[in-house]
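S.K.: here is a sequence together with a model predicted from it:
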Amino acid sequence: MFDDRPEPSGAEPGAERAALSAAGLHKAYGATVALEHADISLAAGKVHALLGENGAGKSTLVRILTGAVAPDAGTMLLNGAPYALQSLLDARTRKVATAFQELSLVPNLSVAQNLLLPDLPRAFAGMVSTRRTLEAGAEILARHGLERIDPPPTVAKLALADRQRIEITRAIDNAGQVLILDEPTASLAETDWLFDQIRQATRRGVAVLYISHRLAEVREICTEATVLRNGTTIASVDLGDASDGDIFEMMVGRKSAHERKPRAKRPASDAPARLAVSGLSGHDLHDMSFDLRPGEILGVAALEGQGQQELFRMLAGLESPHSGRIEVDGTPVKLSGPRDALKTGSGIAYLPEERKTEGILSGLSAATNVVLPVMGQAARGTLISQGREMSVAQAAADRVEMNPRYLSFPIGDLSGGNQQKALIARTLATGAKTLLLFDPSRGVDVGTKQSIYAAIRAFADEGGAVLFYSSELPEIVQLADRCLAFYVGRITRHFEAAEITEQSLVAAMLGHVAPETTEGVPA
Amino acid sequence: QEKFKVYLSLSYSGNAWQSEAANIVKALAQTPPYDEMVELEEVISGTDPQAQISAYESMIDEGADAIISFPISSTALNRTINRGCEEGVLFFMYDATVTESCAYNVSYLSAGFGENTAQALVNELGGEGKIFLSRGVPGNSVDQRHTDGAMHIFGQYPGIEVVAEYYSYWDDRTTQQETAKALTAHPDVDGIWAQAGEYGAIQAMLDAGDRLVPMTGENSAGFRLALADPEMQEKGLAGVSAGSPPAQSGYAFKLAMEILTGKRELEPMNIEYPLPWVPADAVKVCEGDSYESGCNVFPPSKVPTSFVSEVLNPELLPEVNVESALNGTPVEGAEIQPLPAEVTEAANEPGINCTRCDAPEDLYKLTKVAATVQP
Amino acid sequence: MTDAQLQHPTFHDSRPGLATRFLTGAGLIVMVYVLLYVLYAVQQPKALTSYSIAALINNTAPLALAAAGQAIIVISRGFDLSVAGVISICNVVLAVYPLEGPGGAAVSVLICLAIGAAVGVVNGYLVAVLKLQSIAATLATMIICQGIALVILKAPGGWVAEWISYEMTDRLWGVIPVSGLVLGLVLVIWMVLRRSPFGISLYAIGADESSAALSGINTTRVRLLAHVVAGCAYGLAGFMLSAQTATGNPSSGTPLLMLTFAAVALGGTSLSGGRGGVFATMMGAATLTLLQKVLFSAGIASFYTGMFQGAVLILAVVFSAFLVRLGDRK
Amino acid sequence: MTATSKTATPETGFTQTGDTRGSARLTRETVSTVSVAILCVLLLLSARLINPALGSWSQVETVLVLGFFLVVLSFGQGVVILTGGLDLSLPATITMGGILATSWVGAGNPGEWYLLPGVLAACGLVGLATGAGVLWLRVPPFIMSMAMSIIVASGLLGYTRGTPRGAAPDAAVALMKSQVLGLPTPVVALVIFAIAGWLFQSRTVYGRYLYAVGTNVDAARNAGVPVALVRILPYVISAVCAGFVGIALVGYSNGATLRMGDDYLLPSIAAVVIGGSSILGGRGTFLGTVGGALLLTILGTIISALGLEFGLRTIIEGSIILAALLLLREELFQKLRGLGR
Ligand SMILES: Nc1ncnc2c1ncn2[C@@H]1O[C@H](COP(=O)(O)OP(=O)(O)OP(=O)(O)O)[C@@H](O)[C@H]1O
Ligand SMILES: Nc1ncnc2c1ncn2[C@@H]1O[C@H](COP(=O)(O)OP(=O)(O)OP(=O)(O)O)[C@@H](O)[C@H]1O
Ligand SMILES: [Mg+2]
Ligand SMILES: [Mg+2]
C-alpha cells in the first residue's frame, strides 16, 4: 500500500533540493495516534499541497513542522541541516511560519501588535513604542495589499475573514524559508488576494505548504502534492499527472463513491412556505424578502460580511430585527433564541459560522454534542442511558457518513472536518423541518463534502427546507435549487435553478445589478 | 445642655457575647438620667484593624466625648487613640485591651482566668489525666494570655498530659466539631480545659458516647445549667464556670460617664473587673429577670444556651436586667446608681495592657482556688 | 456585526473616542470616588484637612497595593489567594525583627519584596509550569503562608521599627502623605510595565492563552513573572500595613483577601481576564475605604452598612460594564 | 462520557474504516475520582501511624458526619462552578438557614414540616437574586455572590440585632442525632445524597446542560440549550443546599450563630477543585467532589490529632492539599491515558 512512497532523501517529482523535508514522523495524543508515518518534502519556490481526509493528520503534521507539538519519532531537515524544534520560537527564528486553521490571533491586541508579535519595536526604558508599532503594522498591511484594514483597533473588532487575512499576512511576512497555510481559504470567499500573496512569496524562493480540501484551488496554485491517509503518507505526486479520481482514491483508499450527479430538478412546490421573510431590516440588513418552501434548498451567495450572518442569526432568534416580519409555517413569530426556533412550528435548526467558538462543546463527547438539542430522546425516564445516547447519535452520524468510532471522543480532539460533520449531524438530529446552514462544508474534505451534500439533498427530498450560505460558489451551483445574491445587506438578485452559474453569481455578489432587477448598488 | 457624644465601637458583632455587651451599654444610655445626657452611637467595623482605625478617626473628627470600645488589636489602634486623647477624647476599652497608656482598660484579663480554671481542673482530676485544651482564636493575645496561665499550672503536674490542643474560635459549634475530631484520636480523655464555646464540648462528648468528664469553661447558660444538672453530674460532669463577663462594657460605660460628668477622677488606667467564679454547687437558677438572691443563670425558657450569664452584676450594674442584655432596653423606672468609689487596679501585663513594662513576679498567682493536690 | 462596513471601500476607524476610552478605563471609578468624597466632605468638613486626607490614604495604601497585585493576576486570567499569606508573613517578620532607621527601613522593604517574590515564584511555578489551577494552587500556598506567619509569631505583638511606623505614615512638609508617594511610585512602575512587552503579553495571555502561545509569546515565563510581580506588590502592601499598625499580627492579611477582589471588580477589571488595569483597581480600593467613612458620617445604622456596601459594589460593576458596552457599540 | 474502543463499533462507518488509530479509554473524570478516593483511604490508614486510635471505624463515622455538611455544600458550589460561575454567598446563606430555622421554627414547633421547606425557599430566593444579577445585570458571579453575601449577612445582623434566638427544630436534631440501620443518620444521608447528586450531574438532561453551558455558553445556546435557566438555577440549588446545611448545623450543635457559615467557603471551593473539577467550568464529576470534601475532612481530623503547634499544623495541612493537587494534575492524567493505550 505504501508502494509509491518516496525516499526520505526527497527524490520526488520535479524537485531540486528540498527546502524542508521530514521523514517517518509519528505522533500520538495519549491513545490517539494522529500521525503514523508521515514523510513530506517541500521545494524552495514551489507550492506543495497537503491532501487528506479529515483527521488524516494534516494539522498535526503542521503543528510538528512549526514546533507547536514535538513528534514522537521522525527526522526533519531544513536546507539539509537538521531541523529540531524546542518551541514555536525556534521555527520562527528559522524563518518557518504558519497560518493556523484555528486562527492564532490575540483578540484584545491591536491588529498591528498581532502582526508584530512576539517582538514589538521598543522605545526608551524597554517600553514598546505604540507609534512605531502602528507604523510597522501599517507598513506590513500595505506590503500585502490590505491598506483597507486599519492597524489600531483590536482584532476582536474584525470580521472572521479579515482575521484570517491578518493571520495569513503575519505568516507570509515571517516566512523567509517556509510558509505553511492550513486551510487559508476556509473563510475567504475569493482567493485572488491570497494567491497573489503566495506567488509573491514563491518568487522570493519561499517553499509553501498549502492545505485545503478544495481541489480546484489546489490545482490552481499548487504544482505537487503529498497525500496523507490515516496518518501515513500514501504518495507524493505531481498534480499535473494526477486526476481528481486518482487523488480521491489515494486519500480515501477506494474509488470515488459519489459522482457529481446534476442537481435533481424539483417541481417548485406550491406548499405554504416553511419560512417567509418580508421587509426584514436590521443593523446590516435592508428590507429583505424571500420565502423558503418545503423540499427546497435555497442558497445564499455573497462576499463575506454582506449581512448574511445577521440574516441567519435573526432567523435563529439570536438577534431581533429592527423591522420586518418572519413567518414560520404561515404564522408570524418572534424568535427568542435557537431553542425557541427549534420549538416553533415545524422547527428551525441552525448551524453557526464559527465551528470553534459557536459550534462545538470541546470537552464533551462527539455523541453528546450531536444529541444535545434532543437529549430527552436519550433519556429513560429522567436518567440518560449511555446506550441510547450513542444510538441516537449514531443514527445522525450515519446520515453524514461520520465514522461512529469518533462519537466517543471528546469532540475537541477530532479533526476540524469531523467536528463539522458532527455539527451537521446535530442539526439533522433535531428533527427540525427547516435547516439554516452557514457554510456547511467549511474545512471538510472532498469525500465528506459529497456525503454532506447527499445528506442535505436527502433531507430536502423528505420535504425538509434548507437555507444555506456558502463561501464556495461551486457548492452553491451544485446544491441550490434557487439562490439569492446579497450585496451590502440587500438582495441584488434572485436566481432560479437554471440561471445559477459561477459567472452570474460573481457578478451579482459584486453588486452588478442584473437587467431585470432595479434596486441595488453599483460597484 | 448639649448632650455628650459617646460612641460604642465594636470590632464585630454576631456572637452572644458581643451583642450582650453592646446591649448593656445601650440600655444604660437610655436609663435616666443618662437618657437626657448621652447621645450614644454604635459602630461595628468588622474584624479588620484597618476598619476600626478608620472608625476611630471618624469618631474623633465627629468630636466624640468618649469612645467605649472592644478593640480588635491590643496595639494596632495605638497611634489613632493617642491622637484622640490629644483632642480630648476619653477612651474606655472593655474586655480586650490596648497598650496605649492614655486609654482606660476595663478588663478581667489580669484576674487570672487561665491559671485558676486550670488549677480547678487539676483538683477535679486529682492531679493526673489526659486533657484537651479548647482554645480561642489562633494568634489572639487574649487566648494566648489564658493559655499561658493555664499551662503555667498544668506544667507543674507531670501527671497531667495535654493530648490535644485545638482552636474553637470561642464558638459553640466550632468547639463541638473540633472536640469531636479530637475525640476520634483520644476517646479516653479525662478532662477538658475550655475557653468560651465550652457548651459545644459537652455536646461533642455526648455525641461520642454517653460519658462526660470534669471540665472548666466560661459562662454560657448551657454550661452552667449542665454543671448543676444531676443527670449530667451522673455522667461525670464536674467543674467550674468562669471567664469573660460582658458586664465589663457596662462598667466601662458607667466609669466613663462618671468622669465626663465630673463625678470621678480616675487615677489608674488599667482597671480590673473581678473574675466570675461559679463552681457546680454554686449554680442557682433565677426566677426573675435579674440576679436576685444569689441566682446566677437564667432558664432555657428565657435565654438561648449560648447566652453569656455574666452580663448582670447586682452591685456594679443594678440598673439592668436580662431583657436589657437581650434587647438593649432599659428597665422600667430604673435609675443610674453611682458606682462604688474604689476600683481595683490591674497588674501590668506586657503587650496586653502596657508596653515595655514588666509583669509582677506573681503574675500567675491563684486567686480563686487553692491547689488541693500536690504535683 | 460591523462586517458590512469592513467591506465598504471607505476607510473606517473603529477606535472608541477619547471620552468613551476614559469612561471605560479608570474614569468611571475616579468619578465615583470624587462623588463620594464630595458627599463625605459635605457631612464632615474636617475631611478636607491635610491630616484627614493623609489618614485616609494611609488607610487605603495596604489594600490598594494588595489589590494592585491581585489585578495583575486577574488580568492574566487567574486568581491569587496567597495575598493574605504574604501580607501576614511580611507583617510578622517586620514586627519580630524590627530594623531601626532609614537603613533598616530600606532593608525591611527589600525583605518584604523578597518574601513576596519568593511566594510569587512558588505560585508561578505551580500555575505556569505545573499547570495547576491558580485558585487551587494559591489556596494551598495561602494556607502554608499563614502557617509560617503563625510559626514566626504566635500572637499579636512585637514592634515595627519606630522609623517605619512614623515616617511611612507621615506627611512631607506637613502636606504630602508618604504613603501616597509610595502608591504613586507603584503606579509609575506599572505604567512602564504595562507598556513593556511583558505588560502586553500579560493582557494577551489573559485574553487567549493558546493564541498568545501560537503568536510566539512565552506564556510560561509571562505567567511566572506575573506572579512574582504580584508577590512584590503584596510584600509592599505588607510593609505599609505594618507601618500603619506598628505591630505584628499573624492573621493581619486575612481581612484583605476578599477586599482585593472587590477592589479589582470595582476598578472594572473583568475577572475573566485580558481587560482592566492597576490604576483603576487602586481607585477601587480607595473607594472601598472611603465608603466606610461616607457611610459613617451619613450615620447609617451600623447593622445595615453591609447592605450599602453590597449594593454599591453591584451598582458600580453594573454601571462600568454598561459603559464598556457603550464603548464597544461605538 | 466513557470511551469505547474501535472494536466496540464494528465497520459501520461508510468512509475511512481503514482508520485503525486507537482511541482514549480512560476519561480524566474517572481517573481523578478514583485517585481522590485512593488518597482518602491512604490518608486514613496512614493516620494509624500518628495515633493508633485513628483509622478506626469510629473515626470514619466522625469524618462522615462532619463531612456531610461539606459534601452537601460542595454539591451546590460544584454545580455553580460547573457552569463557569462561583458562589461566595455560601457563608451568609448557611447562616440564614440556621438563623431562620431557630427563630422562625424553633424547637417543638408542630408546623416545622412546612416551615423548614419555607426556610429553604427563602434561601433559594437569595440564590435566585444572585443568579438574576449574574445573568441579567451581567455582574461577574464572583462579585455578585460576594455582594449578596455581604448584604444578606448584614440583613441577618439587623434581623437578629446581634443575638440569634431559639433552639434547633426537632427535625433538624433528629437528622443529626438519630440512627438508621445502626449508622448515624447523617452517614446514611451522605451516601444517598452522594449517589443522587452524581446521577443528577452526570445522568440527567439538566446535568448535561450544565456541562454544555460551562464549556461554552454561545455554543450551548446555538445547540438549543435553555441557557438562562441553566445559568440561574445553579445558584438557587447552591443556596438551598447552603440553607439545608445551616439547618443541619443547627441540629448538630443546637443553636445558631451569625458566623456559623464562615469556615465553609474556601473548603467548599477546595473540595470541588481537589475533586478534579475545573474552576472555569465544564469539567468534573460529583463523586470526585465528594472525594475532595471527605479528603479535607479526614485531613482536619488527623491534623488536629498531631501534637504540633498550630502554625506547623497549618503548614502541614496546606502542604498535603498541595500534594493532592499535584497528584491529580492534568499531565499525570495524560500520561495515564498514554498507558491505557
Ligand atoms: N490534541 C489532540 N488530542 C487527541 N487527538 C488529537 C489531537 N490532535 C489531533 N488529534 C487526532 O489526530 C487525528 C489527526 O488530526 P488532524 O487535525 O491532524 O487531522 P487533519 O488532517 O488536520 O483533519 P482535518 O482535515 O479535519 O483538518 C484526528 O483524528 C484527531 O482526532
Ligand atoms: N492540544 C489539544 N488538545 C485537544 N485537542 C486538540 C489539541 N490540538 C488539536 N486538537 C484537536 O485536534 C484536531 C486537529 O484537527 P484540526 O481541526 O486542526 O484539523 P484541520 O485539518 O485543521 O481541520 P479541517 O481540515 O477539517 O478543517 C482539532 O479538532 C483540534 O481541536
Ligand atoms: Mg487540520
Ligand atoms: Mg484542517
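M.R.: Right, received. Where do you want to start? Residues are numbered from 1 along each chain as shown, chains lettered A, B, ... in the order given. Ligands and ions are numbered 1, 2, ... in the order given.

S.K.: ranges for the strands of the stretch 151-300 of chain C?
M.R.: Along the stretch 151-300 of chain C, counting by DSSP state E, counting those that start in this stretch, strands occupy C:171-172, C:176-177.

S.K.: with the stretch 251-400 of chain A instead?
M.R.: For the stretch 251-400 of chain A, strands defined by DSSP E, counting those that start in this stretch occupy the ranges A:275-281, A:288-292, A:297-301, A:323-328, A:331-332, A:348-351, A:379-380, A:383-384.

S.K.: rounded mean pLDDT for stretch C:321-330, please.
M.R.: Averaged over stretch C:321-330, pLDDT sits at 65.

S.K.: do the same with stretch A:444-456
M.R.: Here stretch A:444-456 scores 83 as its mean pLDDT.

S.K.: what does stretch B:141-160 give?
M.R.: The average pLDDT within stretch B:141-160 is 90.

S.K.: how many residues are close by the residue nearest to D:R138 when sequence neighbours are not counted?
M.R.: Closest residue to D:R138 apart from its sequence neighbours, by Cβ to Cβ, 6 or more residues apart in numbering or on different chains: C:A321 at 5.5 Å. Where you see a C-beta, it was placed from the backbone N, CA and C, and this is true even at glycine. A count of neighbours around C:A321, defined by other Cβ atoms under 10 Å in any protein chain shown, yields 18.

S.K.: from the centroid of chain D, which residue is nearest?
M.R.: Geometric centre of chain D, nearest residue: D:S74, 1.3 Å, by Cα atoms, centre = their mean.

S.K.: which among the strands of the stretch 151-300 of chain C is found nearest to A:L51?
M.R.: Nearest to A:L51, of all the strands of the stretch 151-300 of chain C, is strand C:176-177, at 69.9 Å by Cβ to Cβ.

S.K.: any chance you could list what contacts the closest one?
M.R.: Contact partners of strand C:176-177, identified using Cβ atoms under 8 Å, 6 or more residues apart in numbering or on different chains, comprise C:I53, C:A54, C:I57, C:N58, C:T169, C:D170, C:R171.

S.K.: OK, contacts around residue 183?
M.R.: All of this refers to chain A. Neighbour list for A:E183: A:Q101, A:I211, A:S212, A:H213, A:G416, A:G443 [criterion: Cβ under 8 Å, 6+ apart].

S.K.: please go with chain D instead
M.R.: The contact partners of D:L183, by Cβ under 8 Å, 6+ apart, come to D:E61.

S.K.: for beta bridges, what are the partners of it?
M.R.: D:V180 (DSSP bridges).

S.K.: next one: it from ligand 3, what distance?
M.R.: Relative to ligand 3, D:L183 is positioned 56 Å away (Cβ to the ion, to the nearest Å).

S.K.: can you pull the pLDDT of that residue?
M.R.: Per-residue pLDDT puts D:L183 at 87.

S.K.: so which helix or strand takes in D:L294?
M.R.: Here D:L294, judged by DSSP states H and E, is contained in helix D:286-305.

S.K.: is any residue of that helix near chain B?
M.R.: Yes. Using Cβ under 8 Å from any Cβ of the partner chain, a contact is recorded between helix D:286-305 and chain B, made by D:G300, D:T301, D:S304, D:A305.

S.K.: next one: stretch D:58-70
M.R.: Yes. Contact of stretch D:58-70 with chain B (Cβ under 8 Å from any Cβ) involves D:S58, D:Q59, D:T62, D:V63, D:V65, D:L66.

S.K.: closest one of those to B:E310?
M.R.: Nearest to B:E310 among the residues of stretch D:58-70 next to chain B, counting by Cβ to Cβ, is D:L66 at 31.1 Å.

S.K.: restricting to C-alpha, output the helix or strand hosting A:I140 in PDB.
M.R.: Using DSSP H and E, A:I140 falls within helix A:130-143. Taking Å, rounded to 0.1, in the frame of the first residue of the first chain, the C-alpha atoms of helix A:130-143 are listed here in PDB:
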ATOM      1  CA  THR A 130       2.900  52.400  20.200                       C
ATOM      2  CA  ARG A 131       3.600  54.800  17.300                       C
ATOM      3  CA  ARG A 132       6.300  52.700  15.700                       C
ATOM      4  CA  THR A 133       4.200  49.600  16.200                       C
ATOM      5  CA  LEU A 134       1.300  51.200  14.300                       C
ATOM      6  CA  GLU A 135       3.700  52.400  11.600                       C
ATOM      7  CA  ALA A 136       5.300  49.000  11.200                       C
ATOM      8  CA  GLY A 137       1.800  47.300  11.200                       C
ATOM      9  CA  ALA A 138       0.500  49.700   8.600                       C
ATOM     10  CA  GLU A 139       3.600  49.100   6.500                       C
ATOM     11  CA  ILE A 140       3.100  45.300   6.600                       C
ATOM     12  CA  LEU A 141      -0.500  45.700   5.700                       C
ATOM     13  CA  ALA A 142       0.400  47.900   2.800                       C
ATOM     14  CA  ARG A 143       3.000  45.500   1.600                       C
END
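
S.K.: give me the nearest residue to the residue of the stretch 1-150 of chain A found nearest ligand 4, chain neighbours excluded.
M.R.: Closest to ligand 4 within the stretch 1-150 of chain A is A:Q101: 4.3 Å, counting by Cβ to the ion. Nearest residue to A:Q101 in three dimensions, chain neighbours excluded: A:D182, at 4.1 Å (Cβ to Cβ, 6+ apart).

S.K.: count of residues packed around B:P338?
M.R.: When counting by other Cβ under 10 Å, one arrives at 9 neighbours for B:P338.

S.K.: before we move on, the earlier item: could you say which of the strands of the stretch 151-300 of chain C is packed most deeply?
M.R.: strand C:176-177 (a mean of 20; mean count of other Cβ atoms under 10 Å in any protein chain shown).

S.K.: now that strand: average pLDDT?
M.R.: pLDDT averaged over strand C:176-177 gives 86.

S.K.: what's near enough to touch residue 193?
M.R.: The chain I'm using is chain A. Counting by Cβ under 8 Å, 6+ apart, A:W193 touches A:G145, A:R165.

S.K.: if you could check chain D rather than the one you did, that'd help
M.R.: D:F68, D:V71, D:V72, D:F75.

S.K.: could you point out which element follows the one helix or strand it maps to?
M.R.: For D:F193, the host element (DSSP H and E) is helix D:185-203. As assigned by DSSP H and E, the chain's next helix or strand after helix D:185-203 is helix D:205-215.

S.K.: residue of the stretch 151-300 of chain C closest to ligand 4, please.
M.R.: Closest to ligand 4 within the stretch 151-300 of chain C is C:L214: 14.7 Å, counting by Cβ to the ion.
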